[in-house]
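*Asks:* Pasted the sequence and its predicted model underneath.
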Amino acid sequence: MREINRSNVHHLRVAWEFDVGEQSDGKGPYPSRTAFETTPLMINGVLYLSTPFHRLIALDAETGEQLWEFDPKFDRRARVSLYLNRGAAFWSNGESKRIFIGDQQGRLFSIDVDKRKPDPAFGKDGLVDLRQGTADRFPGARYGLTSPVAVCRDVVVAGSWVGDGEPKGPSGDVRGFDVRSGKLRWTFHTVPRPGEFGHDTWDGDSWRDRAGANVWSVMSVDENAGTVFLPVTSAATDFYGGDRKGANLFSDSLVALDCETGRRKWHFQTIHHDLWDCDLPAQPSLVEIPRGREVVRAVAQVTKTGFVFLFDRQSGRPLFPIEERPVPRSDIPEEESWPTQPFPVKPPPFARQSMTSDEFTSATPESRRECLEMTRDAIVDGPMFRPIGKKLTVMFPGTNGGANWGGASFDPESGTLYVNSMDVGAFVQMVERPAGASVPYRTRSTRYGRFWDSNEYPCQQPPWGALTAIDLRRGEFRWQAVLGEVDELTRRGVPKTGTPNLRGSIVTGGGLVFIAATNDSRFRAFDKDTGKELWTVRLPASGHATPMTYLGKRSGRQFVVIAAGGGNDYNKRTASKLIAYALNGPGFRQTSSLSRSHPAEAANYQPTPEPLPWAVAPQPLPFSHKQHAEAGLNCRDCHRGAAVADKAGFPSLDKCMSCHRTIAAGSGHVQRLSRLHELKRPVDWVRVYTIPDFVFFSHAKHVGAGLDCQVCHGPVAAREVLEKEVSTGMTGCMECHAQRQARNDCKACHELGR
């Protein structure tokens, strides 16, 4: 698709937004946080996306209007590390059409697209319970799906999301199910059993009930060859392997299976006896590489370690030499680390693989001092694949890579692979456990195991995130660009540092590489040939998802879509919005954000008339500001963020009930408040003021400038019900700034696109 290209990408605007309405910070009614990481499917003019609570939603691809949804009734009180679902899979034989979506309870659903409900012929009433046959012996253990299944010919191939904190647990086996009936067709044991190939790589009975060695990420399918490629992860536990001596096939292996039979065609193990949590985290990229007079159908696997392994897709033959090199041995008792590890000669590593003591950050003097202090007695210098010992140790790459989920994108015109990476190390040590523990040693870490300071600035010299273009024909870099920036450091004049980033990129026929991924809430487009950043727009939260693009079926316009969810371990701001961008043109309607300011358009701007004061719709509970003011409360007692944050915020139910439990009030609304609190349900207050996503407003800055709450909100203490008192349109804000001689340029309120 070439409509959006280098010359016009700066004209991209928001075409529509859709909010799935699922956010949790783990402190409210739901015990875990949400992560909105979906990449939708576009099929016949309809977008299909998954939500953190595993709903499947169908949208009109040109307007973002919801058409229908399927809700699997996922248990939202389940305790998981994150509520997330990265997408669904599609199958059709020309007559029947099915969407397959899994959830974190281990359920796989087949949805009849035409009837918009589960297919009763699949499993039991449209459902296959994936826990059966894999987690029977561990009924309370974690087992489910976070990534989409793969569909190859008439087989649904399912991996799993399992725990790796205990050595024993549900199996990570990969299985193939009949696409129509849901019946099990084959099982591939990722930890080989007696008599199977690779069983001898597990010492004694260490294979039995071994957890981990699963496929939690995305699999890839070569439909013509009937091959499914599995990125298998590390065996449990992550950093100790004294109870699983041996190379431990098929952990950390790229495995090619016949998708109709489950027969292994070939494999390559990227880490022997993993002691670093170096999962294969990303989908294998199916590529075609010119070699002499022929074109080799190949598969590229990016890794947390920063390597790219490139193989002939059919035979598994490496297309660049891979050397087994000696690595340090572990000094942990009973541990038998593997003496060598595989190093591809080409391409060069795309991520930092070690550091030395003279590479500590100089981004700020404070950060440097803090990082030096925290590593005073730690081991810093040393190569990759150094096993973690009893002293605090710096490990590069960290447990999130290098590369992580989302993987790489490929440009067939130039033979270039584009992969984003982060340079955030790990900071861990091994500690002895009491007698009788499931393993004698475990890791202990500081700052969530990340090698960064209290501001979450990595402790080594930038860049901390990169986007790398790799020529797979020659095994060389074409370019490498810094990816992401830290706003606070930018304001202090620090050159662009890059940031942690999660998820991947897409490359388009218009010569662009689109990527969000970074934890700085931005969506970017790079020139695919030069690495020059051509377009940047601020998102409501970081886009830890891979973007996608398509042509509208009716209009023929090209859209670029990204899920902005934030959250995860790198963000405090969360959202649940799917945002579609398109070029400004016929039929274009802007709904929420500006990426660039055009003076000519601003000069002709006409504000929408606002009759003020304006009464909002009735609130769900009758709340009197006057009554609370007379009781001695001030604004900041309930709106804690009013003076210190961007958003003033609403009081939690816990806060409300801390007062009302001591008040003998029998009114209906207080009783209802108490009931909502018991059910852990929030009050859906109607907002008096709303600010568009493209405007960045800070209560703290306005209060700090000496403005009282009443300036914008009116005589709150005398009002039973609040009304909108002043305009929040651009003209109203600019007039107020002019009257008070405050900053009045575009960047005062907008993050402009570049």
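*Replies:* Now that the structure is in, tell me what you want to look at. None of these values were measured; they are calculated from a predicted model.

*Asks:* Give me the most central residue, this protein.
*Replies:* In the chain, the residue lying closest to the centroid (CA atoms, centre = their mean) is His544, at 3.5 Å.

*Asks:* Can you report phi and psi for that residue?
*Replies:* Here the main-chain torsion angles of His544 (degrees, to the nearest 10) amount to phi -80, psi 60.

*Asks:* what's the distance between Val428 and Gly398?
*Replies:* In this structure, Val428 and Gly398 are 9 Å apart, going by CB to CB, to the nearest Å. All C-beta spots, glycine's among them, are computed from the backbone N, C-alpha and C.

*Asks:* shared neighbours, these two?
*Replies:* Residues touching both Val428 and Gly398 comprise Gly449, with contact defined as CB atoms under 8 Å, 6 or more residues apart in numbering.

*Asks:* Read off the pLDDT value for the closest residue to Asp125 other than its chain neighbours.
*Replies:* With CB to CB, 6 or more residues apart in numbering as the criterion, Asp125 has its nearest non-adjacent residue at 6.2 Å, and that residue is Pro118. What the model reports as pLDDT for Pro118 is 98.

*Asks:* Leu594 now?
*Replies:* The per-residue pLDDT reported for Leu594 equals 33.

*Asks:* okay but Arg263 is in contact with Val255, surely?
*Replies:* No: using CB atoms under 8 Å, Arg263 is not in contact with Val255, being 11.0 Å away.

*Asks:* For the two, indicate the residue with more neighbours.
*Replies:* Legend: neighbour count by other CB atoms under 10 Å for Arg263 and Val255, higher for Val255 (25 against 11).

*Asks:* how close does the more buried one get to Ala235?
*Replies:* In this structure, Val255 and Ala235 are 14 Å apart, going by CB to CB.

*Asks:* Spit out the contact partners of the residue nearest to the centre of the chain.
*Replies:* Counting by CB under 8 Å, 6+ apart, His544 makes contact with 35-37, 502-503, 516-517, 519, 565-568, 571.

*Asks:* quick one, what contacts the spatially closest residue to His737 that is not a sequence neighbour?
*Replies:* By the measure of CB to CB, 6+ apart, the closest residue to His737 outside its immediate chain neighbours is Asn744, 4.5 Å from it. Taking CB under 8 Å, 6+ apart, we find Asn744 in contact with 734, 737-738.

*Asks:* What distance do you get for Asn744 to Cys733?
*Replies:* The gap separating Asn744 from Cys733 is 9 Å, by CB to CB.

*Asks:* now Ala631
*Replies:* As for Ala631, its distance to Cys733 is 33 Å (criterion: CB to CB).

*Asks:* ok, the closest residue to Asp200 other than its chain neighbours - how many residues close by?
*Replies:* The shortest distance from Asp200 to any residue other than its chain neighbours is 7.7 Å, reached at Gly246 (CB to CB, 6+ apart). Using other CB under 10 Å, Gly246 has 20 neighbouring residues.

*Asks:* what does Pro715 give?
*Replies:* 12.

*Asks:* measure it to Asp708 for me?
*Replies:* 11 Å.

*Asks:* do the same with Leu12
*Replies:* For Leu12, the distance to Asp708 - CB to CB - is 40 Å.

*Asks:* higher neighbour count, these two?
*Replies:* Taking other CB under 10 Å, Leu12 and Asp708 do not tie; Leu12 has more neighbours (23 against 11).

*Asks:* what are the ranges of the strands in the stretch 301-450 of the chain?
*Replies:* 308-312, 322-326, 340-344, 393-395, 408-411, 416-422, 426-432, 441-450 (DSSP state E, counting those that start in this stretch).

*Asks:* Turn those into TSV, columns for mean pLDDT and distance to Ser206.
*Replies:* Formatted as TSV, the strands of the stretch 301-450 of the chain follow (pLDDT from 0 to 100; distance: least, CB to CB, whole Å):
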stretch	mean pLDDT	distance to Ser206
strand 308-312	98	26
strand 322-326	98	23
strand 340-344	98	20
strand 393-395	96	24
strand 408-411	98	34
strand 416-422	97	33
strand 426-432	96	19
strand 441-450	84	16
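
*Asks:* looking at those strands, which is buried most?
*Replies:* strand 416-422 (a mean of 28; mean count of other CB atoms under 10 Å).

*Asks:* could you say what helices and strands that one packs with?
*Replies:* strand 294-302, strand 408-411, strand 465-471, strand 505-507 (3 or more CB pairs under 8 Å, 6 or more residues apart in numbering; DSSP states H and E).

*Asks:* Can you report how many residues neighbour the closest residue in space to Glu488 that isn't next to it in sequence?
*Replies:* Sequence neighbours aside, Asn455 is the residue nearest to Glu488 in space, at 7.7 Å (criterion: CB to CB, 6+ apart). Using other CB under 10 Å, Asn455 is surrounded by 13 other residues.

*Asks:* my guess is Asn455 meets Ala363, correct?
*Replies:* No: if you go by CB under 8 Å, Asn455 and Ala363 don't touch, sitting 9.7 Å apart.

*Asks:* sorry, back to before: for Pro651, find the nearest of the helices and strands packed on strand 416-422.
*Replies:* With CB to CB, the closest approach to Pro651 among these belongs to strand 465-471: 37.2 Å.

*Asks:* Could you export the closest one as PDB, CA atoms only?
*Replies:* The C-alpha trace of strand 465-471 is given here as PDB (Å, rounded to 0.1, in the frame of the first residue of the first chain):
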ATOM      1  CA  GLY A 465      16.300   2.000  22.600                       C
ATOM      2  CA  ALA A 466      16.900   1.500  18.900                       C
ATOM      3  CA  LEU A 467      15.300   0.700  15.600                       C
ATOM      4  CA  THR A 468      17.700  -1.300  13.300                       C
ATOM      5  CA  ALA A 469      17.500  -2.000   9.600                       C
ATOM      6  CA  ILE A 470      19.400  -5.200   8.700                       C
ATOM      7  CA  ASP A 471      20.200  -6.200   5.200                       C
END
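
*Asks:* helices and strands around the helix or strand that that strand is followed by, which ones?
*Replies:* Next along the chain after strand 465-471, taking DSSP states H and E as the criterion, comes strand 476-482. Here strand 476-482 touches strand 465-471, going by 3+ CB pairs under 8 Å, 6+ apart.

*Asks:* What score does the residue nearest to the centre of the chain have for pLDDT?
*Replies:* In this model, His544 carries a pLDDT of 96.

*Asks:* Do you have the strands of the stretch 101-250 of the chain handy? List them.
*Replies:* For the stretch 101-250 of the chain, the strands defined by DSSP E, counting those that start in this stretch cover 107-112, 117-118, 127-129, 143-144, 150-152, 155-158, 161-162, 174-178, 184-188, 220-222, 227-231.

*Asks:* how far off strand 294-302 does the last one point, in degrees?
*Replies:* Okay, so that is strand 227-231. 30 degrees (axes from the mean of the first three to the mean of the last three CA atoms, to 10 degrees).

*Asks:* Output strand 227-231 as CSV, restricted to C-alpha atoms.
*Replies:* C-alpha atoms of strand 227-231 as CSV (Å, rounded to 0.1, in the frame of the first residue of the first chain):
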residue,chain,number,x,y,z
THR,A,227,4.8,-25.8,8.2
VAL,A,228,4.3,-24.0,11.5
PHE,A,229,7.3,-22.4,13.2
LEU,A,230,7.4,-22.4,17.0
PRO,A,231,9.4,-19.9,19.0
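
*Asks:* Please spell out which residues along it are buried.
*Replies:* 227-231 (16 or more other CB atoms under 10 Å).

*Asks:* would TSV of those with distance to Thr443 and pLDDT be doable?
*Replies:* Below are the buried residues of strand 227-231 laid out as TSV (distance: CB to CB, whole Å; pLDDT from 0 to 100):
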residue	distance to Thr443	pLDDT
Thr227	36	98
Val228	33	98
Phe229	30	98
Leu230	26	98
Pro231	23	98
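
*Asks:* from these, which is closest to Val80?
*Replies:* For the buried residues of strand 227-231, the nearest to Val80 is Pro231 (21.4 Å; CB to CB).

*Asks:* The residue lying closest to that closest one once chain neighbours are set aside is in what secondary structure piece?
*Replies:* Once flanking residues are discounted, Pro231 sits nearest to Leu280: 3.6 Å by CB to CB, 6+ apart. Under DSSP H and E, no helix or strand contains Leu280.

*Asks:* Okay then, goodbye and thanks.
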